[in-house]
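Chemist: Below is the sequence, then the predicted model.
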Amino acid sequence: MITKKEWKKALGEGKSDYTAQVLAIEKNIGSFLEFDPGKGKKTAAAFKANYIADDSATAGTSLEGLPFAVKDNIAVKGFSLTCGSKILKNFTSPYSATAVEKLMNAGAVPVGKTNMDEFGMGSSTDDSALGRTNNPWDENRVVGGSSGGSAAAVAAGLAAFSLGSDTGGSVRQPAAFCGVYGLKPTYGVVSRYGLVAYASSLEVVGALSRDINILKEVFEVMRGKDILDNTSVAHPADKNNGESEKLAPLEEGAAIGVLSGNLGLAPAIAESYAASTRALMDLGYKVHEVELPTLEWVVPAYYTIATAEASANLARFNGIKYGLRVSGADNPDDLVRDSRHEGFGPEVKLRILLGTYVLRSGFQDRYYIKSQKIRTAIREDFKKVFDSASAIMMPVFPTQAFPHGEAGLDPFQQKVADKFTSAANLAALPAMSVPTMNIDGLPTGIQFMAPTFREDRLFTLAEKFKDVFPVTTAPVSLKEGGVK
């Protein structure tokens, strides 16, 4: 694994061939839509020179000089903000997201914007309108989605960490496919200001890294209430929220719930899941099987709510104020219709149509309101489990990274497979994808979930697991000592 010292040297003063090395690997991977460390250094330096605020939250961190990648639906001033869509292909962000600013204040440097499924809608990153991203473990396979570019960049050693957004598993699933750590924080703990909205009540800004300690620092820097995001909340452990509290650590021998039943896992994932269960017991935790009766309703509830919110949020992309504007329209109605038809891809159009349908008068009670009631029932299921368990272990995705194209999973199969990850978004819980075994040349992973604000338990479990399942280096990547 590339060390912090090597990362800092790569972006330091003097001659560096970091950019050349990354671009050489990028020919095979395609994780970035824009890569420009020089611009990132100038953006970070300009921000720090003009930033006047209490920086106690970033004091003592060791992110100084670390390069990080940012999913292209999170704003970084001067960089692209395309959301992987033709409708925003030439759009440049005039400001930076709060999470990005906090990281720059801690000394980290944004080096580029990563590929993604268009507007975060997909599980492969093959639904990007702007490029294809290949898995560093097998270039014929997908990286997962929608934060696939962010996962690939980290797995290939092109950045110390990356930011992604997680609406229904979009950080955790690609993290599992690429063999890295992926954190989805408690809803509201990290500001969403600067994140292009898809499904506002579900999505969070998350992070990925091959180094669990770096990931922990990134989370601690990003979290906190933000006056620019009225859905943000202070974390109980924040040093500067005026009401910080000491959270009791996860005790040795604590009870960990393990999801049981017929989970429909592919053989490799079933093997990894069984090995992870044994690892928990070997580490001294009390393992007991748990069930989530509402799990079968997660996918329909998630897609009903997510598409409804997408229908409202994406209405702003109409070819008038910014973004793609087609020529030749005879009137404003034609301009909007033609621009959206040309600018949006098939998956985005499908979800907008579904969302508009479930919000129609006469259909809200039948679909949208019912889904919100299911969401409440899912939250109650988790509360019952957490009455007797400090955390839950469950799969991330039923399969390993699947092939591109028709040889892989079709869009419906991908959606059905989201049930394990989407549950955390519906319940607003923190969750983390943790790498486990490599089987048949591909990584596997499991995810831990914890009660709200208890990300510390996820990090504790991940740190324990790294000794059992060390993070390995992908075949296509910068190796140790490779950043010069």
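Modeler: Structure received.

Chemist: Mind giving me the packing neighbours of the worst-scoring helix or strand of the chain on mean pLDDT?
Modeler: The helix or strand of the chain with the lowest confidence, counting by mean pLDDT, DSSP states H and E, is helix 4-11 at a mean of 80. On a contact count with 3 or more C-beta pairs under 8 Å, 6 or more residues apart in numbering; DSSP states H and E, helix 4-11 meets strand 67-71. Just so you know, the C-beta spots here come from the backbone N, C-alpha and C atoms, and that holds for glycine as well.

Chemist: As CSV, could you dump the C-alpha coordinates of whichever helix or strand comes after the strand it packs on?
Modeler: Counting by DSSP states H and E, the next helix or strand C-terminal to strand 67-71 is helix 98-105. Output in CSV follows, covering the C-alpha atoms of helix 98-105 (Å, rounded to 0.1, in the frame of the first residue of the first chain):
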residue,chain,number,x,y,z
THR,A,98,-18.7,21.8,2.1
ALA,A,99,-17.2,18.3,2.5
VAL,A,100,-14.5,19.2,-0.1
GLU,A,101,-13.8,22.6,1.6
LYS,A,102,-13.3,20.9,4.9
LEU,A,103,-10.8,18.4,3.4
MET,A,104,-8.9,21.2,1.6
ASN,A,105,-8.8,23.1,4.9
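
Chemist: where does the residue lying farthest from the centre of the chain sit relative to residue 338, distance-wise?
Modeler: Ranked by distance from the centre of the chain (C-alpha atoms, centre = their mean), the top residue is residue 330, with 41.1 Å. The gap separating residue 330 from residue 338 is 10 Å, by C-beta to C-beta, to the nearest Å.

Chemist: same question, residue 19
Modeler: Per C-beta to C-beta, residue 19 is found 39 Å from residue 338.

Chemist: What residues does the nearest residue to residue 399 once chain neighbours are set aside make contact with?
Modeler: Distances taken as C-beta to C-beta, 6 or more residues apart in numbering place residue 266 nearest to residue 399, at 4.5 Å, with adjacent residues excluded. Residues near residue 266 by C-beta atoms under 8 Å, 6 or more residues apart in numbering: 398-400.

Chemist: could you dump these to CSV with neighbour count and distance to residue 389?
Modeler: As requested, the contacts of residue 266 are arranged in CSV below (neighbours: other C-beta atoms under 10 Å; distance: C-beta to C-beta, whole Å):
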residue, neighbour count, distance to residue 389
398, 18, 23
399, 21, 26
400, 25, 27
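
Chemist: Put together CSV for those residues, with distance to residue 377 and pLDDT on each row.
Modeler: CSV is the format used below for the contacts of residue 266 (distance: C-beta to C-beta, whole Å; pLDDT from 0 to 100):
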residue, distance to residue 377, pLDDT
398, 23, 98
399, 27, 98
400, 31, 98
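
Chemist: With respect to residue 102, which of those residues is nearest?
Modeler: residue 400 (34.1 Å; C-beta to C-beta).

Chemist: who's in contact with the nearest residue to that closest one once chain neighbours are set aside?
Modeler: Spatially, and ignoring its direct neighbours in sequence, residue 400 is nearest to residue 442 (4.5 Å; C-beta to C-beta, 6+ apart). Shown in contact with residue 442 (C-beta under 8 Å, 6+ apart): 137-138, 141, 268, 400-401.

Chemist: So which residues of the stretch 351-484 of the chain form helices?
Modeler: All helices of the stretch 351-484 of the chain, identified by DSSP state H, counting those that start in this stretch, fall at 370-386, 411-416, 419-426, 455-468.

Chemist: Tell me which of these is the most buried.
Modeler: helix 419-426 (a mean of 28; mean count of other C-beta atoms under 10 Å).

Chemist: any idea of the angle that one forms with helix 370-386?
Modeler: The directions of helix 419-426 and helix 370-386 differ by 100 degrees, with axes from the mean of the first three to the mean of the last three C-alpha atoms, to 10 degrees as the criterion.

Chemist: Check which helices and strands helix 419-426 sits against.
Modeler: helix 298-313, helix 370-386, strand 442-449.

Chemist: Helix, strand or coil: sort out the nearest residue to residue 36 once chain neighbours are set aside for me.
Modeler: Nearest non-adjacent residue to residue 36, counting by C-beta to C-beta, 6+ apart: residue 112, 6.2 Å away. Secondary structure assignment for residue 112 (DSSP: H, G, I helix; E, B strand; the rest coil): strand.

Chemist: Tell me the spacing between residue 112 and residue 85.
Modeler: Residue 112 is 18 Å from residue 85, where distance means C-beta to C-beta.

Chemist: do residue 232 as well
Modeler: Distance from residue 232 to residue 85, counting by C-beta to C-beta: 26 Å.

Chemist: Between those two, which is the more surrounded one?
Modeler: Ranked by neighbour count (other C-beta atoms under 10 Å), residue 232 and residue 85 place residue 85 first, with 28 against 20.

Chemist: Quick check: pLDDT value at the residue lying closest to the more buried one once chain neighbours are set aside.
Modeler: Nearest residue to residue 85, sequence neighbours excluded (C-beta to C-beta, 6+ apart): residue 118, at 4.7 Å. Note on residue 118: pLDDT of 98.

Chemist: ok now do residue 118, which residues does it touch?
Modeler: Counted by C-beta under 8 Å, 6+ apart, residue 118 has contacts 83-85, 127-129, 344-345, 347-348.

Chemist: quick one: which of those residues is most hemmed in?
Modeler: For those, the largest neighbour count, defined by other C-beta under 10 Å, is 33 neighbours, found at residue 84.

Chemist: In a strand, residue 273, correct?
Modeler: No - assessed by three-state DSSP, residue 273 does not belong to a strand; its assignment is helix.

Chemist: surely residue 347 meets residue 124?
Modeler: No - using C-beta atoms under 8 Å, residue 347 is not in contact with residue 124, being 10.2 Å away.

Chemist: Could you tell me which residues touch both of the two?
Modeler: residue 117.

Chemist: how much space between residue 17 and residue 65?
Modeler: Counting by C-beta to C-beta, the gap from residue 17 to residue 65 is 17 Å.

Chemist: circling back to that earlier point, how close does the residue farthest from the centre of the chain sit to residue 306?
Modeler: Taking C-beta to C-beta as the measure, residue 330 falls 35 Å from residue 306.

Chemist: Repeat that for residue 296.
Modeler: 18 Å.

Chemist: which of the two has more neighbours?
Modeler: residue 306 (28 against 9).

Chemist: May I have the residues that are in contact with the residue nearest in space to the middle of the chain?
Modeler: In the chain, the centroid-proximal residue (C-alpha atoms, centre = their mean) is residue 171; its distance is 2.4 Å. Residues in contact with residue 171 (C-beta under 8 Å, 6+ apart) are 147, 150-151, 164-165, 182-184, 206-208, 433.

Chemist: out of the residues you listed, which is most surrounded?
Modeler: Going by other C-beta under 10 Å, residue 150 tops the contacts of residue 171 with 40 neighbours.

Chemist: Give me the spatial nearest neighbour of that one, chain neighbours excluded.
Modeler: Leaving aside its chain neighbours, residue 150 sits nearest to residue 162 (3.8 Å; criterion: C-beta to C-beta, 6+ apart).

Chemist: any idea whether that neighbour is helix, strand or coil?
Modeler: strand.
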